[in-house]
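[1] make a model of this:
(2 chains)
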Amino acid sequence: MSDLTAHATSRGRSATTTPDGAASPRGMSGTRGLTRRRSRTPITWVRRGGLSTLVFMLPLLIAFGFFSWWPILRSVMMSLQRTNFVGAAEWIGWTNFINVFNDPLLATAVWNTTQYTLVSVLIGFPVPILLAIFIGELRRSRPVASVLVYLPVIIPPVVAVLLWKQFYAPDANGLFNQVLGWFGAGPLGWINDVDLVIPAIIVQATWAGFGGTTIIYLAALRSVQTELYEAAEMDGAKIWRRFWHITLPQMRGVMLIMLLLQLIGVFQIFAEPYIMTGGGPANRSVSVLMLIYRYAFIQGDYGKATALSLLLALALCLLSALYLWATRRWSQT
Amino acid sequence: MRLSRRCVATAALGTTMALALGACAGTDPESEGDPADVDTDAPVTITVGNLAPTENPESRENLLAMVEEFEADHPNITVEPEETTWSSDTFIPMLQGGTLPTTLEIPFTEIQALIGRGQVYDLTDLVAGSEALSQLDPSILATVQDSDGNIYGVPYQAYTMGLVYHRGLFTEAGLDPDSPPTTWEEVREAAQQITENTDATGFATMTTDNTGGWTLSTLSYAFGGAMEEVDDDGNANAIFADTGATAEALEFYRTLRWEDESMGANFLMNQDDIMNDLGAGQLAMTVNGADSYGNLVVNRGLAPEDFGVAGLPQSEDALGTLAGGAIAMVSPNATPEEAAAALEWIEFVKFQRYLNEDAAVEFASSRAADDLPVYPPLLPVLGGEVEEQYTEWIAEYINAPVEQFEPYTSTIADIPLVPEPPVKAQELYATLDAVVQAVLTEEDADIDTLLSEAQTSVQQQIDAG
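    Numbers count the residues shown, from 1 in each chain, chains lettered A, B, ... in the order given. Next up, the predicted model:
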């Protein structure tokens, strides 16, 4: 039965590859032919269906233009303006950027955000990988385990943060302090403690987010060819060697992307510190995005807020480029 | 071909952008014209915020009935009420999007920032032309004026900061709830006694969302120091690190927190957290607006008999206490006709009840029917005699235990009213939030250094304009 299935699959594959393989060279020569006869007059453009392409593209262009590109362009303009949204906006050059750099809180926010990122890589990155591998090893209880792991994602973020705020209550009645109390430790200040606040927030953010990431890793794990494990087992490789030499290399593409997404996400951390601590204690949990929020909504200074937003976007672009450059060799499988 | 399509796509994008740009461009606001040119008989439509939600049907109906009555009296004015309320998150988007109501109620704490940014209508001439509004108490009116004396809003309800306390916890701790503390030393002793004899926190202060700085400024005034001063050239200077009063206030916090341990364990609290703790009987004393009764009893479940409020203790050289309250503002995008109509409406809806018995009874009875608190004004906005008359009219509907307000109301005449720091108050509060939090979470926090750094930071923000 299994032989038959394998045969059918392989026939199916060859059936799809053969026409593709045959079509491909024709397609190539066809494109080259077009290139030779390329003409840029509007009439030929219309004749070749350019107009209908444009018509089909128009909804997309309008939607993206209106809701995505225009706000971005508007932000760039606003970062160079002073406006109260009543009178005409005044162009003030780099003043907003200078004011942002002169804000003594900027260095604090950048340093805090860097710490959020580092702690999240330390705590938040390995947890879903390990969980996925663990769940992947389960047989009958895998679906139940997947559901249980995913459950926190279902809780609305604000509710989850408020819930954890209660767990972190700094008096002896707080949930975590009660647990510590059973072992004769604590109570700790948790989010009231300048040294614990960032790790405490990251633990909550990890709890809230690891379910989704674990499911993605579980899917990636299923794509690892089981033959490799079987062969390794036959060669006497124990679980750790199988993980190190098969699972990790097979999953590194997904891991690298997930890490990049995590870095970008944590760099923009806002809701957790905003709801849990308001940036305190003593600005110890203020993130860059919270600073942007304060500029815009507390100080009503949208110019300064958009200036810092652009700087953050630039920093994230640079970070992403640097990351992709640094990991380019690992990404090639 | 591909290049050609790209060109077309770019052109299309450009067109889209241009269209979007045209669509998004805000309309130029009408300039605030000479009131003499305003045609008050021309048909005009105004939108008014703060319509009570359907959860409070009687108050909602009362306002809708007032709209009908107002429109009957002013046939050229159409009033469109909506439920929009003030929020710093939505104010500017509404302003830019053109959906800000013509008039909206805002708290005292916001008006100076709006004046500074030019986001509120200058009502100076219109107020001067109104008989009722020109009687507004000058010290309360000062909160809505800029340094040149121009008026940017109508304060219609006022209170000062006071010591809000839980009478039940006072009794439980062996204290007399009718004799609340009158000095800071007595506040400290009461906090100690409550912490020792009950499960509740003796004293706590708000620390986040700018409320830490707001309360610290209030305490600084009570300890005798201003936060800012404006020199003869009109330049504002942050001075709170130099006066010594703010340091004294922080030292008061430090003593209660680290020596007496009577401030509990949570030092990241906004106004909601503090109110919830008071309502739940987990906190005995805090510094807050003296009008917290409604918030505590209606929203936080505090038993009316447990609400207590006293005048804010004042040191010997105290400046007074910070004022709070509500202001009716007019959108800066309003035309002079709309502004004039809005002011007519404000006068009708907010002040008619002080001048007309039927309106007073209607207002008080609908609130009482919605189980909302009814009590005499804490701070007379139109002067004592007017408010006394009003209190008589609504006496039948008063449902709050006003005798429990007596420790506060008996001090009103003696404690001067001090306005907010004149320039960048919210930035000052935000900066001082971190100082208050540092003092409460780090035992070795150096108060003088923290204040000095905060003053430099605030000064930079003032100078940045």
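[2] dump stretch A:252-263 to CSV, restricted to CA.
    The C-alpha trace of stretch A:252-263 is given here as CSV (Å, rounded to 0.1, in the frame of the first residue of the first chain):
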residue,chain,number,x,y,z
ARG,A,252,17.2,27.6,11.2
GLY,A,253,15.4,29.4,8.3
VAL,A,254,12.2,29.7,10.4
MET,A,255,14.2,30.5,13.5
LEU,A,256,16.1,33.3,11.9
ILE,A,257,12.9,34.9,10.5
MET,A,258,11.1,34.5,13.9
LEU,A,259,14.0,36.1,15.7
LEU,A,260,14.0,39.0,13.3
LEU,A,261,10.2,39.5,13.8
GLN,A,262,10.7,39.2,17.5
LEU,A,263,13.4,41.9,17.5
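[3] return the set of buried residues in stretch A:104-123.
    By neighbour count on 16 or more other CB atoms under 10 Å in any protein chain shown, the buried set for stretch A:104-123 is A:105-106, A:108-110, A:112-113, A:115-117, A:119-120, A:123. For glycine as for every other residue, the C-beta is placed from the backbone atoms N, C-alpha and C.
[4] for the residue in the stretch 51-200 of chain B that chain A sits nearest to, which non-adjacent residue is closest in space?
    Distances between the stretch 51-200 of chain B and chain A by CB to the nearest CB are smallest at B:Gln96, namely 4.2 Å. Spatial nearest neighbour of B:Gln96, excluding adjacent residues (CB to CB, 6 or more residues apart in numbering or on different chains): A:Phe85 at 4.2 Å.
[5] one more: A:Thr83?
    Using CB to CB, 6+ apart and skipping the chain neighbours, the partner closest in space to A:Thr83 is A:Ala89 (3.8 Å).
[6] who's in contact with that neighbour?
    A:78, A:81-83 (CB atoms under 8 Å, 6 or more residues apart in numbering or on different chains).
[7] please narrow the residues you listed to those residing in helices.
    Mapping those onto helices (DSSP state H) picks out A:Met78.
[8] A:Asp103 versus the nearest residue to B:Ala238 once chain neighbours are set aside, what's the distance?
    Take B:Ala238 and drop its neighbours on the chain: the residue closest to it by CB to CB, 6+ apart is B:Val458, 4.2 Å away. According to CB to CB, to the nearest Å, B:Val458 and A:Asp103 sit 12 Å apart.
[9] who has more neighbours, those two?
    Comparing B:Val458 with A:Asp103 by neighbour count (other CB atoms under 10 Å in any protein chain shown), the higher total belongs to B:Val458, at 29 against 19.
[10] hang on, the earlier thing: host element of the residue of the stretch 51-200 of chain B closest to chain A?
    With elements taken from DSSP states H and E, the one containing B:Gln96 is helix B:88-97.
[11] buried residues in the host helix or strand of A:Met251?
    Here A:Met251, judged by DSSP H and E, is contained in helix A:248-267. Neighbour-count burial for helix A:248-267 flags A:250-256, A:258-259, A:262-263, A:266-267 (criterion: 16+ other CB under 10 Å).
[12] near chain A, which residues of the stretch 101-250 of chain B?
    B:113-114, B:117-119, B:207-210 (CB under 8 Å from any CB of the partner chain).
[13] so B:Pro373 sits against B:Asn399, correct?
    Yes - with contacts counted by CB atoms under 8 Å, B:Pro373 reaches B:Asn399, the gap being 6.3 Å.
[14] the two: which is more packed in?
    B:Pro373 (20 against 16).
[15] how about the secondary structure of the more buried one?
    At B:Pro373 the chain is in coil, as set by DSSP: H, G, I helix; E, B strand; the rest coil.
[16] now do the contacts for it.
    Contact analysis of B:Pro373 by CB under 8 Å, 6+ apart lists B:293-294, B:297-298, B:367, B:399-400.
[17] next: B:Gly279.
    B:Gly279 sits in contact with B:296, B:299-302, where contact means CB under 8 Å, 6+ apart.
[18] can you tell me the helix or strand for B:Met329?
    Short version: B:Met329 belongs to strand B:321-330, going by DSSP H and E.
[19] show me what that strand is packed against.
    Counting contacts by 3 or more CB pairs under 8 Å, 6 or more residues apart in numbering or on different chains; DSSP states H and E, strand B:321-330 is packed against strand B:103-107, helix B:108-116, helix B:138-141, strand B:154-166, helix B:211-222, helix B:336-346, strand B:417-418.
[20] for the ones you listed, which one sits closest to A:Leu162?
    helix B:211-222 (18.4 Å; CB to CB).
[21] got the angle for that closest one vs helix B:108-116?
    For helix B:211-222 against helix B:108-116, the angle by axes from the mean of the first three to the mean of the last three CA atoms, to 10 degrees is 100 degrees.
[22] got a list of contacts for helix B:211-222?
    B:109, B:161, B:184, B:205-206, B:226-227, B:240, B:243, B:245-246, B:249-250, B:252, B:270-271, B:287-288, B:312-315, B:318-322, B:418, B:420-421, B:428-437.
[23] tell me how chain A divides into domains.
    Following automatic domain parsing, one finds the domains of chain A at A:1-38, A:96-331.
[24] how far away is the residue of the stretch 251-400 of chain B at minimum distance from chain A from B:Glu259?
    Relative to chain A, the nearest point of the stretch 251-400 of chain B is B:Ala265 (4.0 Å; CB to the nearest CB). The gap separating B:Ala265 from B:Glu259 is 15 Å, by CB to CB.
[25] those two: which is more packed in?
    Taking other CB under 10 Å, B:Ala265 and B:Glu259 do not tie; B:Ala265 has more neighbours (19 against 10).
[26] from B:Val439, how far out is the more buried one?
    Counting by CB to CB, the gap from B:Ala265 to B:Val439 is 15 Å.
[27] same deal with A:Thr114?
    Taking CB to CB as the measure, A:Thr114 and B:Val439 are separated by 26 Å.
[28] and if you look at B:Glu392?
    For B:Glu392, the distance to B:Val439 (CB to CB) stands at 47 Å.
[29] before we move on, what about A:Met276?
    Relative to B:Val439, and taking CB to CB, A:Met276 is found at 20 Å.
[30] which of those two has more neighbours?
    B:Val439 (28 against 23).
[31] which element follows the host helix or strand of that one toward the C-terminus?
    Taking DSSP H and E as the criterion, B:Val439 maps to helix B:425-441. Going down the chain from helix B:425-441, the next helix or strand is helix B:447-463, by DSSP H and E.
[32] report the mean per-residue pLDDT for that following helix.
    Across helix B:447-463, pLDDT averages out at 92.
[33] which residue packs closest to the residue of the stretch 201-333 of chain A found nearest chain B, ignoring adjacent ones?
    With CB to the nearest CB as the measure, A:Gly278 is the residue of the stretch 201-333 of chain A nearest to chain B, at 3.3 Å. Spatial nearest neighbour of A:Gly278, excluding adjacent residues (CB to CB, 6+ apart): B:Thr208 at 3.3 Å.
[34] count the neighbours of the one you found for me.
    Neighbours of B:Thr208 (other CB under 10 Å): 23.
[35] now do the contacts for it.
    Contact analysis of B:Thr208 by CB under 8 Å, 6+ apart lists A:277-280, B:268-270, B:433, B:437.
[36] got the helices and strands packed on strand B:321-330 as CSV, with mean pLDDT columns?
    As requested, the helices and strands packed on strand B:321-330 are exported to CSV (pLDDT from 0 to 100):
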stretch, mean pLDDT
strand B:103-107, 94
helix B:108-116, 89
helix B:138-141, 88
strand B:154-166, 93
helix B:211-222, 96
helix B:336-346, 94
strand B:417-418, 88
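[37] poorly predicted segments of the chain, please.
    Unless you meant another one, I'm taking chain A. Applying pLDDT under 70 to chain A flags the ranges A:1-39, A:331-333.
[38] should've been chain B
    B:1-37.
[39] which SS class is B:Thr310?
    Not quite, residue B:310 is Ala, not Thr. Here B:Ala310 is recorded as strand under three-state DSSP.
[40] got the buried residues for stretch A:157-172?
    Under 16+ other CB under 10 Å, the buried positions of stretch A:157-172 are A:160-161, A:163-165, A:167-170.
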